[in-house]
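Chemist: curious how this folds, go ahead:
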Amino acid sequence: MNFIQKLVGLTLILWLNVSFSFATNSCVSVFKESFVIKQEELIQQALKEKPSRFSEIISSQRITLKFLGTNTQGQVIIFRPNGLLWSYGFKSARPSWKSLQDVIPGASTPQGDPRYFIFLAGPSVAKLFHFEIQESSEGSILLAPNAELLKITAHSLHQRLTEKGQDGLAYLPKKADFLKIGESFQMSLSAEAPFKVFFPYEDSHPQLTFHEVSYHLGPILFPTKIHERSHQIDLAYEKVIKKIKERKLPHADLVILSLIMIRESENDSGNGNLQSTLAHFRQHFGMVSYKEIAQRIGEAHLKLLAEPLQSLTHPQMSPIEVVIRRIEDIFDIKALTNKTSPKFAYPLKPLSIPNTKLIRQAYKEFIQTELGALLHEENFDPSNRQTPISATSQLLQTFDQRLQEINDAFK
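Modeler: Here you go, the predicted model:
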């Protein structure tokens, strides 16, 4: 998430106190009286807990939120005590911790701001996805859908959209605990129709749930073609990995593991940072349309938004090219690319792999023969190539319409 730190120098975010009214009384009325009482008890209990509960925290700032469980409607309950911020935002000392998923050197898992989905979607669409904000005497409560409620909502919305002849949904956060390296990649590939991408959603963890709600639910709103393109790249990685296994290349296990770690990082940071950056723009500009945001942001900020989209979809390359470039970067070789070839937003080398002249030559020949053949079979249409800036501008120009389609589908 190094790109987030760039915003500090650019002084984009002025941390406005944007608030949403969710008709608090009507929200409370949907709960049984016994639950309302239980919720207040949970708040009191949370206020008594000591910060030592978050023993894995690596930031100098403590976690600002409390996880209170799930209510009877299938919403996770996130509590922000009075006097604490929803998030420390882009500050380098934002609350974060090391998790099993932080496999890239220097990475950490930030708490985030669970209101990101609301900023991204707007209050009306957010409420359709069961996001609510309530106020209590002790602080604020944010309700968000758990994995099961989100699944039910997504299937219903997909059907409504397709019945109207519009693009359905392609991304679904799916219930999962902490995953080992490779498991989120396999989960994405295992997506069942109508979805193209499954993404892990830990909805019952006292730390990770904040992060999940903040960064990984919003991509369900993204245009279908973003996730279709991401899925095509996942499949390209799978094809190349299969070829590496078949050829029994030197240090194949390490190379395969490195490629999986790279793609998992791309999917994680691409989806999460695209959502959070769009949400920050929306919050900063007072919830104006995305078309207006496109007119008001400068080139530097557009590039900033393009980075996570590039990480996720690499619009300037074909799917097989993406994997070829990653292998070339791992071994510092040029097999099928040259100085004019597109570059990655995030150069990643998660593992130290022996890199002798013989090993480099073996992978260079593999790329030129086996992967060159895959590249030929792919027959990628050059007219489908886009610069990351062009793809990002297109997203900003069309995202309002997508949100309106989703809003109308629920009527």
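Chemist: list the buried residues for stretch 143-161?
Modeler: 143-147, 149-151, 153-154, 157-158, 160-161 (16 or more other C-beta atoms under 10 Å). All C-beta spots, glycine's among them, are computed from the backbone N, C-alpha and C.
Chemist: next step: the residues you listed restricted to helices.
Modeler: If you go by DSSP state H, the buried residues of stretch 143-161 have A147, L149, L150, K151, T153, A154, L157, H158, R160, L161 in helices.
Chemist: tell me the one of those nearest D268?
Modeler: Ranked by distance to D268 (C-beta to C-beta), these are led by A147 at 17.1 Å.
Chemist: now the closest one. Nearest residue, chain neighbours left out?
Modeler: K175 (3.7 Å; C-beta to C-beta, 6 or more residues apart in numbering).
Chemist: hang on, that neighbour packs against H205?
Modeler: No - counting by C-beta atoms under 8 Å, K175 stays clear of H205, with 11.4 Å between them.
Chemist: pLDDT weak spots in the stretch 151-300 of the chain?
Modeler: The stretch 151-300 of the chain contains no residues with pLDDT under 70.
Chemist: go on, the stretch 1-150 of the chain?
Modeler: Within the stretch 1-150 of the chain, the stretches with pLDDT under 70 are 1-62, 88-108.
Chemist: let's see it at 90
Modeler: Within the stretch 1-150 of the chain, the segments meeting pLDDT under 90 span 1-66, 81-112, 135-138.
Chemist: where does the nearest residue to K164 once chain neighbours are set aside land on pLDDT?
Modeler: Nearest residue to K164, sequence neighbours excluded (C-beta to C-beta, 6+ apart): A409, at 6.6 Å. Looking at A409, its pLDDT is 96.
Chemist: thinking again about what came up before, and the residue nearest to A147, what does it touch?
Modeler: Contacts here follow C-beta atoms under 8 Å, 6 or more residues apart in numbering; on that basis K175 touches N146, A147, E148, Y201, E202, D203.
Chemist: among the residues you listed, which two are most distant?
Modeler: Distances among the contacts of K175 were taken as C-beta to C-beta; the most separated pair is E148 and E202, at 13.2 Å.
Chemist: can you give me the strands for the stretch 51-200 of the chain?
Modeler: Applying DSSP state E, counting those that start in this stretch to the stretch 51-200 of the chain gives strands spanning 66-70, 75-81, 96-97, 109-110, 132-136, 139-145, 171-175, 197-201.
Chemist: those into TSV, with extra columns for distance to N267?
Modeler: Formatted as TSV, the strands of the stretch 51-200 of the chain follow (distance: least, C-beta to C-beta, whole Å):
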stretch	distance to N267
strand 66-70	24
strand 75-81	22
strand 96-97	19
strand 109-110	15
strand 132-136	29
strand 139-145	21
strand 171-175	10
strand 197-201	7
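Chemist: tell me the angle the strand or helix carrying V255 makes with strand 197-201.
Modeler: Assessed by DSSP states H and E, V255 sits inside helix 252-284. Angle of helix 252-284 versus strand 197-201, following axes from the mean of the first three to the mean of the last three C-alpha atoms, to 10 degrees, is 80 degrees.
Chemist: quick one: contacts for N338?
Modeler: With contacts defined as C-beta under 8 Å, 6+ apart, N338 has no neighbours.
Chemist: SS state for it?
Modeler: The three-state label given to N338 by DSSP: H, G, I helix; E, B strand; the rest coil is coil.
Chemist: could you list the low-pLDDT ranges of the stretch 301-411 of the chain?
Modeler: The model of the stretch 301-411 of the chain has pLDDT under 90 over residues 332-355, 382, 410-411.
Chemist: how many neighbouring residues does the closest residue to Q275 other than its chain neighbours have?
Modeler: Once flanking residues are discounted, Q275 sits nearest to G218: 3.7 Å by C-beta to C-beta, 6+ apart. Using other C-beta atoms under 10 Å, the number of residues around G218 comes to 26.
Chemist: okay but G218 is in contact with F119, surely?
Modeler: No - if you go by C-beta under 8 Å, G218 and F119 don't touch, sitting 9.0 Å apart.
Chemist: need the residues touching each of these two.
Modeler: In contact with both G218 and F119: A279, using C-beta under 8 Å, 6+ apart.
Chemist: so what's the nearest residue to K151 once chain neighbours are set aside bridging to?
Modeler: Nearest non-adjacent residue to K151, counting by C-beta to C-beta, 6+ apart: L172, 6.6 Å away. For L172, the beta-bridge partners are F198 (DSSP bridges).
Chemist: switch the contacts of K175 over to CSV; also include distance to G69.
Modeler: Formatted as CSV, these follow (distance: C-beta to C-beta, whole Å):
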residue, distance to G69
N146, 10
A147, 14
E148, 14
Y201, 16
E202, 14
D203, 10
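Chemist: ok, so of those, who is nearest N271?
Modeler: Nearest to N271 among the contacts of K175 is Y201, at 11.6 Å by C-beta to C-beta.
Chemist: can you give me the distance of that closest one to P308?
Modeler: 19 Å (C-beta to C-beta, to the nearest Å).
Chemist: who has more neighbours out of those two?
Modeler: When neighbours are counted by other C-beta under 10 Å, Y201 and P308 differ, and P308 comes out ahead with 27 against 22.
Chemist: elements contacting the helix or strand hosting that one?
Modeler: Per DSSP H and E, P308 falls inside helix 299-313. Applying 3 or more C-beta pairs under 8 Å, 6 or more residues apart in numbering; DSSP states H and E, one finds that helix 299-313 contacts helix 2-10, helix 224-247, helix 252-284, helix 388-409.
Chemist: so which of the ones you listed is the most surrounded?
Modeler: Each of the helices and strands packed on helix 299-313 was scored by mean neighbour count; the highest is helix 252-284, a mean of 22, by mean count of other C-beta atoms under 10 Å.
Chemist: quick one: list the elements packing against the next helix or strand after that one.
Modeler: With elements assigned by DSSP H and E, the helix or strand that comes after helix 252-284 is helix 290-296. Where contact means 3+ C-beta pairs under 8 Å, 6+ apart, helix 290-296 is packed against helix 252-284, helix 388-409.
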